[in-house]
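1. here is a sequence together with a model predicted from it:
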Amino acid sequence: MRRDLILFFLVLSLDFLPTPNSSPLLTAAASPMIGNRAMSGPVVAHHAGYSFVQGGPVTNRPWGYSASQLEYSESGEDGGLFGWKHWFVPLDGGSDGAFSFEGEEKRERARRRRRLATLAAAVVVAGVSHLWGMSKIARATPLAGMFGGGGGDGGYAGGLMDPSKNGRQGLAVSEDRLRSILKVFCTHMEPSFTSPWQMRRPYQSTSSAFVIGNRRIVTNAHGVAYHKMVQVRKHGDSLKYIARVLHIVHDSDLALLTVEDPQFWTDVVPFELDTVPNLQEKVTVIGYPQGGDKLSITEGIISRVDMARYAHSDVALLVIQIDAAINAGNSGGPALINNKVVGVAFQAMVNAENIGYLVPTLLIHRLLLDVARNNHHTGFVSLGIFWQAIENPVLQQKLGVSPEGERRVKGIGGGLGENTGSYTSGGVLIRKVETLYNSSGVLKAGDVLYKFEDRHIATDGTVVFRGSERVSFAYLLLRKFVGERAKVSVLRNGTQIEDVEFYLESRKALIPRYLIPENKRPSYFIHSGLVFSVLTHPYLGSSFGNHWEDNPHTPLDILNVALTGVPENDGDQVVVLSHVLTSEITTSLSYHHLILKYLDDVPIKNIQQLYKTVQRVMELQDTEAETTYLEFKFGDHNLTITTNIKKAQIHTPRMLEDNMIPSFASEDLLELDIHTGNLDDSMSLGSKADNLPHAQMI
C-alpha cells in the first residue's frame, strides 16, 4: 500500500515542479478581503498565476501583485474564473503596463490540460501496482470500510462503517457496571395543601439511580417524592421494572429502593461506596439528563468540599462541589472515581455554568447504618443551640477567648477590670439553648463552646476536616445518631468545664418541611366555613410559590414564624386559617392565611387541640338551650372571628356538599377521641350572647 501511494503522489507531484512562469512557493496575501471581511482558507482555484483560496486569494510573489478586492459571482459572469471576479493592483502601488491578462489566460488553460494528463498517469500507475499485487489499497485504507466493497471488518452490506465493530477500549466504566446505572420513571401524586381534601393532578418525572449491595438502589428523594408508581430501567435494556421505595430521607435528599423481580438482578454488578474524595481529583458523573433518553457520561474535578444547604430540604449538610454539568434528570446518578461511588448528583447552581453538587457517600453510609440499627431513618441530630462566631477581638477579650492562647487579658474600657480566669484558644458563643433538647440541662446561654468530642472549634465555628481543609463544626454531628451521647467542653464565666455529656436528639422543627409518612394527607378541620390547616413548607410553596420567602405577598407574620420559629413543647404546630368557604353565614369574610393564636382565651398549640376543643364545645351545645359562640383570635392582626355553634351545626353539611368536600375533618383527626387529653380549658369555652366583645359574628 505504501509503495502504491508513493508512486501515485510522485507522479501527481510532477505537475507542481517550478516553471519559468510560476513558483511553487505560495505566500498568503496580507488581509485579503471580500467586501469588508478578511478571507482565508484552502486553495480552490488558480488563475493567471494567482491561487484563490476559499475566502481569500493567495498571491505568487514573483509576479509582484496582490489582490486588493475580491468578489464572487455564482453565475460566473464578467469573465471570472469559476465564478470569481477580481481586480489587481501592483504591490508597489504603481501600474504595470507589461502585465497581459490575455496571455495569462492561455497559460492557465495549458496548465489545466497538463494536470489532467498527470492525474490520468497517476491512476494508471496505481492500477498497475495493484495488479502486480504489491499491496491492496482498497482493503488497507479506511475508505474500504466506509464505502463498502465486501463488508469486511468495520463494514457491512449497507456500505457505511458499522459502529458496533469499533474495537476501541475507551470506556472509563465497564459495560457490566453501566448496567447498574438506572433510569427512574416516577409518577407523582401530591396532595393539595390549600384544599387538603383533594389530590393534585398526577405528573411524571425521570431521574437516575444506581445499584449497591444487598439489592438496594440509591437515588434522590426529590426524584420519588409523593410517588404513586416507580419504575427503573437498566442501561441497554428495554424493559422497565416496578421498584418499591424502602426509605426516603428528605434532609439529605436520598432514597433507597429495591426491585422484587429476581430477573432484574441477574446481570447487575453493585457499586462500592468510597470515601469523600480529595480536591482536584477527576470524577465521572453518569446519569440520564434531559435532552435524550440514553445514558450520558460527563467528567469534572472535585473543586470544593463544604457544608451547604440542600435545595430540597433547606438543611445544611456536607456537599461536594464539582465543575461538571449536572442537569435535570442527572439527579440520583453516581459520581465515580476508579469505578467506586464518591457521591450522588443532586443539584446545580442556578445562573452558573458547570457548577454541580454531590451528596457525599458519608451520608449514604449513615443512612444504611441507621436503617440497619433502627429499621428506619431516625433523623439527623441537633445540639439544640443557637450560636455565633467570636471573631471580633473585643468580644474575644470579654469572653476570655484568645486565638493566641493567652492566659490573661486586660479589662475593656476600665469597666471589667482584670480577668484572671481560664482562657481558651477558640470557640463559639452560645446565644440560646432550646428547652426541648437534653442539652438544656448542661449548656447555658453565654457559654463558649470550644470543643466537641476531641475536636477543637475555632472562633469562626470551623474544625479541621483533613489537612488544611476546614468545615463548620456542625459536620461533626453527621457522624452521630439519635440516642448517642455527646461530649462537649465549655468556658463559663472564666471557668473551663471539661467533657460534660448528654444524649443527642433529632432535630425538631416548628414548621415541617415535608409530610411524614409520605402517604399521609395534610390535616385539616372545617368549622362554620372556616378551613383550618397546619403551616408547612409545602403549604407555603402551594400558596406563595417555591420561592415564598422572596414573595412580597407572603404575610410577614407567616414569613417570620416560618424562618425563625422554634417549638416550645413537643407537638407544637402553627395552625392557620387557609380560607373561608362561601355560604350565607360567611358573607363579608374573605380572610385567608391567618395564624390562629387563641380560641377564646385558650392558646392553640396544634390542630389536634383545636379539633378536640371545638368538637367538645359543640357536643355540649346539644345539651344546652342557649346559643353558644366561639371566638377565633388571629395572629398579629388583632382580628377576631366569632362563630355561632347552632348555625355551624346547621350550615356546615350544606357547605361541604356544595364544595364537594367529603368530610369536615381529615382522617387523622376523625380518629381522635375528643374525650381524652387535658380538656379542662374547653369546659369554660364558649360565651353567651349577652357578654360578647365587639367582633364579627357569623
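-> Looks like it arrived, so ask away. Numbering: from 1, shown residues only.
2. for the residue nearest the centre of the chain, list the residues it contacts.
-> Nearest to the mean C-alpha position of the chain, counting by Cα atoms, centre = their mean, stands Gln347 at 1.4 Å. The contact partners of Gln347, by Cβ atoms under 8 Å, 6 or more residues apart in numbering, come to 253, 310-312, 326, 331, 356-357. For glycine as for every other residue, the C-beta is placed from the backbone atoms N, C-alpha and C.
3. list the beta-bridge partners for it.
-> Assessed by DSSP bridges, Gln347 has beta-bridge partners Tyr357.
4. repeat that for Val184.
-> Where Val184 sits in a bridge, its partners, by DSSP bridges, are Ser207, Val232.
5. state the pLDDT value of it.
-> Looking at Val184, its pLDDT reads 97.
6. ok, it - how many residues close by?
-> A total of 29 residues lie near Val184 under the criterion other Cβ atoms under 10 Å.
7. pretty sure it is touching Gln231, no?
-> Yes: applying Cβ atoms under 8 Å as the test, Val184 and Gln231 come out as touching, 7.4 Å apart.
8. could I get the contacting residues of the closest residue to Gln321 other than its chain neighbours?
-> Spatial nearest neighbour of Gln321, excluding adjacent residues (Cβ to Cβ, 6 or more residues apart in numbering): Arg304 at 3.8 Å. Applying Cβ under 8 Å, 6+ apart to Arg304 gives the contacts 279, 320-321.
9. and Gly287, by the same measure?
-> 181, 207-208, 295-296, 329-334, 345.
10. specify the beta-bridge partners of it.
-> Assigned bridge partners for Gly287, using DSSP bridges, are Ser296.
11. so how far is Thr118 from it?
-> Using Cβ to Cβ, to the nearest Å, Gly287 is found at 57 Å from Thr118.
12. how about Ala486?
-> Using Cβ to Cβ, Ala486 is found at 89 Å from Thr118.
13. neighbour count for these two, which is higher?
-> Between Ala486 and Thr118, Ala486 has the larger neighbour count (other Cβ under 10 Å), namely 19 against 16.
14. show me where the protein has its helices.
-> Residue ranges of the helices in the chain, as given by DSSP state H, are 2-13, 101-131, 137-140, 142-147, 175-178, 361-374, 393-399, 537-544, 556-564, 607-621, 645-658, 667-670, 680-683.
15. re the thing from before, which neighbours do Val184 and Gln231 share?
-> Common contacts of Val184 and Gln231 (Cβ under 8 Å, 6+ apart): Ala243.
16. before we move on, back to that, ranking the contacts of Arg304 by neighbours, who comes first?
-> Most neighbours among the contacts of Arg304, by other Cβ under 10 Å: Ile320, with 26 neighbours.
17. what sits against that one?
-> 276-277, 302, 304-305, 335, 342-343, 357-360.
18. closest to Gly427 among the residues you listed?
-> Gly427 lies nearest to Val305 out of the contacts of Ile320, by Cβ to Cβ, at 23.6 Å.
19. can you find the helix or strand in this protein with the smallest mean pLDDT?
-> For the chain, using mean pLDDT, DSSP states H and E, the weakest element among its helices and strands is helix 142-147, scoring a mean of 34.
20. if we can go back for a sec, scan the contacts of Gly287 and report the most crowded one.
-> Taking other Cβ under 10 Å as the neighbour criterion, Gly333 ranks highest of the contacts of Gly287 with 34 neighbours.
21. quick one: it from Leu367, how far?
-> Separation of Gly333 from Leu367 (Cβ to Cβ) stands at 17 Å.
22. ok, Val463 next?
-> Here the criterion is Cβ to Cβ. By it, Val463 lies 23 Å from Leu367.
23. before we move on, what about Phe632?
-> Taking Cβ to Cβ, one finds Phe632 at 43 Å from Leu367.
24. the more surrounded of the two?
-> For Phe632 versus Leu367, the count of surrounding residues by other Cβ under 10 Å is larger for Phe632: 25 against 20.
25. pretty sure the more buried one contacts Ile641?
-> Yes: counting by Cβ under 8 Å, Phe632 touches Ile641, with 4.8 Å between them.
26. which residues do these two both contact?
-> In contact with both Phe632 and Ile641: Leu530, using Cβ under 8 Å, 6+ apart.
27. and the strands in the stretch 401-550 of the chain?
-> Per DSSP state E, counting those that start in this stretch, the stretch 401-550 of the chain carries strands over the ranges 428-433, 448-452, 455-456, 462-466, 469-472, 485-492, 495-503, 505-506, 524-527, 530-534.
28. could you dump those strands to JSON lines with distance to Arg479 and mean pLDDT?
-> Listed next are these as JSON lines, based on distance: least, Cβ to Cβ, whole Å; pLDDT from 0 to 100:
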{"stretch": "strand 428-433", "distance to Arg479": "19", "mean pLDDT": "95"}
{"stretch": "strand 448-452", "distance to Arg479": "11", "mean pLDDT": "95"}
{"stretch": "strand 455-456", "distance to Arg479": "11", "mean pLDDT": "94"}
{"stretch": "strand 462-466", "distance to Arg479": "12", "mean pLDDT": "92"}
{"stretch": "strand 469-472", "distance to Arg479": "12", "mean pLDDT": "94"}
{"stretch": "strand 485-492", "distance to Arg479": "11", "mean pLDDT": "95"}
{"stretch": "strand 495-503", "distance to Arg479": "16", "mean pLDDT": "93"}
{"stretch": "strand 505-506", "distance to Arg479": "15", "mean pLDDT": "94"}
{"stretch": "strand 524-527", "distance to Arg479": "40", "mean pLDDT": "96"}
{"stretch": "strand 530-534", "distance to Arg479": "33", "mean pLDDT": "96"}
